[in-house]
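Novice: okay, here's the prediction I keep looking at, along with the sequence it came from:
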Amino acid sequence: MLVLLPPSETKSDGGDGLPLDLGALSFPELTPVRRRLTEALRTLADDVPASLQALGLSERQTDEVERNAELFTSPTAPALERYTGVLYDSLGAGSFTRAQRARADRRLAVASALFGVVRTSDPIPAYRLSGGSALPGVGGLRTVWRADLEKTLSTVDDLVVDLRSGAYAALADVPRAVAVRVVTEDAGGRRKSVSHFNKAAKGRLAAALATAPREPGTVRTIVSAARAAGLRLEPVGERELELVID
C-alpha cells in the first residue's frame, strides 16, 4: 500500500542531513524534471520581487525566497519531518515507535510541487513552491509534471490511497488509486464534504494506515485498519471511500 499525502505550505527549518542530492531521492526517473525545477527556482530567488510575484507571496514572506536561494546548500531533513501543519500534526509521527516509523516510511509518500513525489524518509531542504504555481521560463507545474509523474505513479504496484488536495491531484492522475473524501453526516443521513477539519481527519487516517501492524492491501483491509483506530471509513464506490467525521 502507498498512501499519497499532500504536502504543506509550512515547513520546518534546519535539519541535520547533507545538502540536497537529487540522486538520493526515491523515484529516480523523476530526476530530470526535479533538476529543471530546482535550478529554475534557485535562479528565480536571485530576483526577490519576481519570486514574490511568481510564488504568490507578500513582502513579509521574503524569508521563503531565502529558503529557495539556499536549496542546494541548506541542510536536509526527512520529508516526514520537513512538512508541518494540521495534517502532519494530526499524523503525529513524532510519537511513532521505531517499528511504526519504519512502517510509515514504507507506506507513506508526499506529493510535491518541486520533487513530484517523495518517500517520507527522503532528505529534502525547506523550500517554497505550490502546486498551482508557474515559474518564469518553465510554465505551469501541471504541464511540467503531468506526463512523467503519471508514468511513475502508474507503475506503483501497491494499492494507492490518494489523500492529495486538489492542486496536487491535478499534477497527475492515478487511475487505479482509491480516493478518500472527508464528509459530515446530518441527522437525515445526508452527507457533505468538509474543508475545515479535512486535513486533521486525513492526518489521523494516514497515521492509522501507516502504523497498522498488518499492511492493508485491499479496500476492505483499509476500512478495517481505520475502524481499529476509531475512524468511520466507508466505501461508496469501487475506488472511493468516505471518511465520516462528527
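Specialist: Sure thing, it's come through.

Novice: assign a three-state SS to residue 151, would you?
Specialist: When classified by DSSP: H, G, I helix; E, B strand; the rest coil, residue 151 comes out as helix.

Novice: ok, it - contacts?
Specialist: Neighbour list for residue 151: residue 29 [criterion: Cβ atoms under 8 Å, 6 or more residues apart in numbering]. C-beta: built from backbone N, CA, C; applies to glycine.

Novice: quick check, pLDDT for it.
Specialist: pLDDT, residue 151: 96.

Novice: show me where the chain has its strands.
Specialist: All strands of the chain, identified by DSSP state E, fall at 2-5, 77-78, 108-112, 116-119, 123-124, 134-135, 139-140, 160-162, 178-185, 191-193, 232-237, 240-245.

Novice: with mean neighbour count, distance to residue 217 and mean pLDDT as added columns, please give the ones you listed in TSV.
Specialist: Shown next, in TSV, are the strands of the chain (neighbours: other Cβ atoms under 10 Å; distance: least, Cβ to Cβ, whole Å; pLDDT from 0 to 100):
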stretch	mean neighbour count	distance to residue 217	mean pLDDT
strand 2-5	24	11	98
strand 77-78	20	25	98
strand 108-112	26	15	98
strand 116-119	25	18	98
strand 123-124	24	28	98
strand 134-135	18	38	96
strand 139-140	13	35	96
strand 160-162	23	11	97
strand 178-185	18	11	96
strand 191-193	11	27	94
strand 232-237	14	15	94
strand 240-245	18	15	97
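
Novice: between those, which one is closest to residue 46.
Specialist: strand 134-135 (13.2 Å; Cβ to Cβ).

Novice: name the residues that touch that closest one?
Specialist: With contacts defined as Cβ under 8 Å, 6+ apart, strand 134-135 is touched by 37, 40, 41, 44, 54, 129, 140, 141.

Novice: go with 6 Å
Specialist: The contact list for strand 134-135 (Cβ atoms under 6 Å, 6 or more residues apart in numbering) reads 40, 140.

Novice: contacts only, for the residue of the chain positioned farthest from its centre.
Specialist: Going by Cα atoms, centre = their mean, the residue of the chain most distant from its centre is residue 188, 34.4 Å out. For residue 188, the contact set (Cβ under 6 Å, 6+ apart) is empty.
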